[in-house]
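Peer 1: fold the stuff below for me.
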Amino acid sequence: MLSIVKADKTHMPLIVPLFDGYRLFYGKQSNLTAARKFLEERFDRNESVLFLALYQEKPVGFTQLYTTFSSASLQPFFILNDLYVDKSFRKMGIGEALLQTAKEHCLKLGYKGLALETETDNPAQKLYERLGWKKDSRWFHYFWTPE
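Peer 2: Sure thing, here's the model as predicted:
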């Protein structure tokens, strides 16, 4: 019933509405055209890996990974930037399956690991911790934005 596929541009009609739903979840305005353009650029530039969850062939969730590097350890790792499951399909193990697929992909490539950040009130934290993710209390995260 549930399958997870490594997406490519042929999956765009399935991914774009989910990606737009993800952005809505984070308080952004719907913009299917901009969502499609953004995702197409990621695929065209080979800048991300996107896994798509299909439940009975219906697109219900995705996770998107971006590669970055650790200079200290001299290894690549993934930033798990996006994880989204359609509201109607939550609590069915789909998020867990997507996270497990991301872990397996990381292991397959021999990467150092997976990093993610989430809002402090995101209920998915319980899932992350249950699956072995550790909350980092040693580091502060800073972000700069041009004025």
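Peer 1: contacts, neighbours, all on C-alpha from now
Peer 2: Will do.
Peer 1: show residues contacting stretch 47-58.
Peer 2: 1-8, 15, 42, 59-67, 94, 98, 101-102 (Cα atoms under 8 Å, 6 or more residues apart in numbering).
Peer 1: now those: which count as buried?
Peer 2: 4, 7-8, 15, 42, 59-66, 94, 98, 101-102 (16 or more other Cα atoms under 10 Å).
Peer 1: follow-up on the earlier one: what about the contacts of stretch 47-58, which are in strands?
Peer 2: Using DSSP state E, 2-6, 59-67 are the members of the contacts of stretch 47-58 that sit in strands.
Peer 1: ok, residues contacting stretch 24-32?
Peer 2: Here stretch 24-32 has contacts from 16-17, 20-21, 23, using Cα under 8 Å, 6+ apart.
Peer 1: got these as TSV, with distance to residue 83 and pLDDT columns?
Peer 2: Below are the contacts of stretch 24-32 laid out as TSV (distance: Cα to Cα, whole Å; pLDDT from 0 to 100):
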residue	distance to residue 83	pLDDT
16	14	98
17	14	97
20	12	97
21	11	96
23	11	96
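Peer 1: run a quick neighbour tally on the spatially closest residue to residue 128 that is not a sequence neighbour.
Peer 2: Of all residues not flanking residue 128 in the chain, residue 134 sits nearest, at 7.9 Å (Cα to Cα, 6 or more residues apart in numbering). Residue 134 has 11 neighbouring residues, counting by other Cα atoms under 10 Å.
Peer 1: all strands of this protein, in order?
Peer 2: In the chain, the segments counted as strands under DSSP E are 2-6, 49-55, 58-70, 75-85, 114-115.
Peer 1: buried stuff in stretch 26-42?
Peer 2: 35-36, 39-40, 42.
Peer 1: with stretch 39-58 instead?
Peer 2: Applying 16+ other Cα under 10 Å to stretch 39-58 flags 39-40, 42-43, 48-54 as buried.
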